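A.B. asks: Next comes the sequence, and after it the predicted model I'd like to discuss.
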Amino acid sequence: MPNLLQGTLDLLILNALAPGAMHGLGISRRIEQVTQGTFLVKPGSLFPALHRMEEAGWLASSWGESDNNRKAKFYRLTPPGRRQLKSETTEWRRISIAIAAALQA
Amino acid sequence: MSAYSKTRSLWRNLFHSRRVERDLDTELQGYCEMLAGEKSAAGMDAAEARRAAAIEMGGIEQVKEQVREVRMGFSWDTLIRDIRFATRMLARQPAFTMTVTALLAIGIAGTSAIFSLFSGLYLRPLPFEDPEQLVYLNEKAPQWNLERTGIAYPDFHAWRQGNSSFEGMAAFWENRFQISDENGAETVQGARATHDLMQVLRIQPQLGRWFTPQEDRPNGPKVAVIGHAFWLARFGGAQDVIGKTIRLNSEPYEIAGVLPPGVDFPNRAELWIPLARDASDDGGWYLGGVGRLKPQAAQAKAGEDLLRIHKALIGTRDMNKITSPTVQPLREWYVGNFRQATHILLGAVALVLAIACANIAGIMLARGATRTREMGIRSALGAPRWRIVRQLVTESLLLGALGGILGTILGSWGLQGLLSLMPSQQLPNWVRFDADWRFVLFSLTASVGSAVLFGLWPAWKTSRADIRSDLQDGGARQSDSGGQRRTLEWLITAEVALSAVLLTSAGLLIQAFRKVENVDPGFRATNILTYQIALPNAKYGKPEQRRAFVDELLARHRALPGAEIAAATSATPLGGHWGNFFEVENAPPKRSGDPSPVTLQRIVTAGYLEAMGMTLRSGRTFTDADGRGGGPVVVVVNEAFARLSWSDQAALGKRIRYNGGKNQPWMEVVGVIADVKDYGLDQPSRPSVYLPFAANSIGSLSVVIRTSVEPASLANPARQILRQMDSDVAVTRLTTMAERLQQSIWMRRAYSWLVALFACLAVVLVLSGLYGVISYIVTRRRREIAIRMALGAGQTSIVNSVLAAALKMTGAGLLIGVACGWWSSRLFQSLLFGVEATDPATYVSALVIVGGVALLASLVPAIRAARMEPLRTLRLD
């Protein structure tokens, strides 16, 4: 896995949760899927990030059942989390365009 | 929202940590199971899937730890956990905990006690506004062999008018006043002062006013300002006290003002009256001065300023060739004489603390070695190195706190004990020793500093231990890494060296003290009662009145049962200096600039030299007839005076007179006495001249009674006689000469024995430290020793090898310590009273004591090692 910037991981998690609530493994699988296997998020990075973002108020969590009936903690975006996703997405676009331009020059 | 969520998280993490932890566990377990489920769904065997999931997970404990680290209040939370854990660890090893706490407490107790002393004397601000601007003024005259002569009023007058460095300056003369009313007389400490004193000190009277310049001149109105305590005691704090009169030295004085509480400048004064001098006064040198420097004015510049003015007066004041002004910080005048002793004690306690810390570091290091397995396991479980170090430091800090608190308590007791050694009234009233923020800060720094010092370094070493090898051999390695052992050896060497420094210093100081104690004072101090009186000028203005009073007083004293001789003097030995200058008949004229040491002048009644037990070398002492009836005046001189004036010629029959003036009569020397230690046992004697009281009937006297019974038992009878004769005359400073002699060396006694006490403490610490380390080394080497014994080594050779190891450390330490001791003794050479800093006896005893202690400390473990049964030891492993 490439060295993930903290901001990148946050953005990926927020993005993964945009469609709806999801548990830890689900989030990690979803990131793997949307990045076509570029980002494999290990539990050692995932859980600290989830807990940090929850304490920051971007995520909320609740206990639920997984597909195969196991107790799992589901995370979902809170309104501040959505705002964060929006502003980080805009920021990311701006930076990636700038970097792409820089690399083409 | 965000702040709210953060606060809620913090609250939850701190106060519901158990639920938070349980939730985290459930979440991670769930993740792991889901992962395994995924894998078995993909066709993996169930057990295999769980294993693969656990590996992919990378250790649930590590993930938990990583999550904990990002939590709100993480550092707080771990701190609490560390403390809780450390408390458990310490409680589980009470012997270790108690040893370390006790060691630290000893170190901190000494340092905190001595620091209080130092802080009270030198760190707390003087009780005046902007005290750093205040300086003490005086004059010195090296040519007269005087460091302080007192200021002559004309000099002061010129300084005050001509200087450009001072905001203001004032002069004072410490006096005792007799206050009398219908209930009898009492002596009160007070001062005569110039009108600007309170302005210089920036003190506003609480009631009324201070003196005006009009009152501060010769024959001005008789006014007095009283202190707060005096006001409360005598007037019950009445507001209408201003304008009332008090009888002071048998004359009425009108009260002009009351000063605020705590003001007793210069020293324990309760009453002030105007100095009332003008520039024409030339009563000699007797004033003290206090000046307030202008902001930013340097003390040295101010001194130059005064010197310029002082020397400009030479035309009219010839003596200003010899005298010159001195300027020093006011604090130095008050407590400067304690400085060297305080520094020595501070040094001694710092060494004790250092030894205690080295001791503790040794224990920690040895304990660390036995804990490498525990550390290895924790490290393998995912604790990062800094967490382990942090845990160990927390333990040290906890020990530091325990030892610090205990030590501070012990230290405050020690300080009380220390202060009880001090004779009363040795210190100015403003000196206080109660705990303040400086003390708290110091104790905290010392405890925490030592804790970190002895904790951090062994912690670092312990945490660096090679974990894998340690786990593999199960902690069964028999000898330590050379590095650790060498560190222990260094610690012991350092301890021994430090204790040797303390021992040699203590030895030198004690020898000096003994030498001082055994100095012949020139008088026999036992069985002498003495007290002072001052005959008020108003009643006893004429010499014959004073003579009559003293004759009667002494006669009545002599009649007391138990009294052998009663006599009087201007001042007893150790009772103060009164200098004068004499010229010798037919002496070759002196060139200016030649030293002309001041002569101590004592005025004595017949019988005084006998009462004091002074030794007559030749001639005779005074008789009742001497000085009476206007005949030629005779004097007795001491040997120093005879030597100075007539070298080795006989002094008897030679004549002297007061300096300056053909009108002064010649006085014949009729006796020579041995030198008396008038200024203290460790101070040189000055040339002295004794004059008969009958020809110089002064009114301020010390009465001495030589008794055949316990002298203190005559105190009350003597008081009674005085009260019967004149209730206006008060008895002051009643004491015995033996007591006065003891008091004169109390400081030397105190610091010498305190340093000795600290040296003993150091030796005990070294004994325990060495014992601990040798025992530890022997334990760690038991396998090697057992093998050697199994291979035929005798018990003696085992004992020898252990002792050799011990003596190697001790020997090196001793050599270093003795060298350092010799070097450091130069720092207090001036206190050694002629004891050589290289005094061989001291060094030999220090070597023998420390060497003996080292031998004792290592002999027990060595014998224990030699007695073990090799086969059992080997089998045990």
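C.D. replies: All right, it came through fine.

A.B. asks: Can you give me the neighbour number for the residue in chain A that chain B sits nearest to?
C.D. replies: Here the residue of chain A nearest chain B is residue A:57; by C-beta to the nearest C-beta that distance is 3.4 Å. C-beta coordinates here come from the backbone N, C-alpha and C atoms, glycine included. Neighbouring residues of residue A:57 were enumerated by other C-beta atoms under 10 Å in any protein chain shown; the total is 20.

A.B. asks: Skipping adjacent residues, who's closest to it in space?
C.D. replies: Closest residue to residue A:57 apart from its sequence neighbours, by C-beta to C-beta, 6 or more residues apart in numbering or on different chains: residue B:5 at 3.4 Å.

A.B. asks: Who are the packing partners of the helix or strand hosting that neighbour?
C.D. replies: In this structure, residue B:5 sits in helix B:2-15 according to DSSP states H and E. Other helices and strands packing on helix B:2-15, by 3 or more C-beta pairs under 8 Å, 6 or more residues apart in numbering or on different chains; DSSP states H and E, are helix A:43-55, helix B:17-41, helix B:74-92.

A.B. asks: Run through who's touching the first one.
C.D. replies: It refers to helix A:43-55. Residues outside helix A:43-55 that contact it (C-beta atoms under 8 Å, 6 or more residues apart in numbering or on different chains): A:4, A:6, A:9-10, A:13-14, A:24, A:27-28, A:59-61, A:75, A:81, B:5-6, B:9, B:24, B:27-28, B:31, B:57-58, B:62-63, B:66-67, B:69-72.

A.B. asks: For the helix or strand just after it, which outside residues touch it?
C.D. replies: Remark: after helix A:43-55, the chain's next helix or strand is strand A:59-65, criterion DSSP H and E. When contacts are taken as C-beta under 8 Å, 6+ apart, the neighbours of strand A:59-65 outside the stretch itself are A:17, A:21, A:23, A:50, A:53-54, A:71-78, A:81.

A.B. asks: Also stretch B:514-529?
C.D. replies: Under C-beta under 8 Å, 6+ apart, the answer for stretch B:514-529 is B:573, B:611-615, B:673-677, B:681-682, B:685, B:704-709, B:711-712, B:714-715, B:718, B:734-738, B:740-741, B:745, B:748-749, B:833-835.

A.B. asks: Select only the buried ones of these in ChimeraX?
C.D. replies: Buried residues among the contacts of stretch B:514-529 (16 or more other C-beta atoms under 10 Å in any protein chain shown), as a ChimeraX selection:
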select /B:573,611,612,613,614,673,675,676,677,681,682,685,704,705,706,707,711,714,715,718,735,736,737,738,740,741,745,748,749,833,835
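
A.B. asks: Looking at the contacts of stretch B:514-529, which are in helices?
C.D. replies: B:611, B:612, B:715, B:718, B:737, B:738, B:740, B:741, B:748, B:749 (DSSP state H).

A.B. asks: Would you quantify the distance from the residue nearest to the third one when sequence neighbours are not counted to residue B:728?
C.D. replies: Same thing as residue B:715. Using C-beta to C-beta, 6+ apart and skipping residues adjacent in sequence, the residue nearest residue B:715 is residue B:734, 5.7 Å away. Note on residue B:734: its distance to residue B:728, by C-beta to C-beta, to the nearest Å, is 17 Å.
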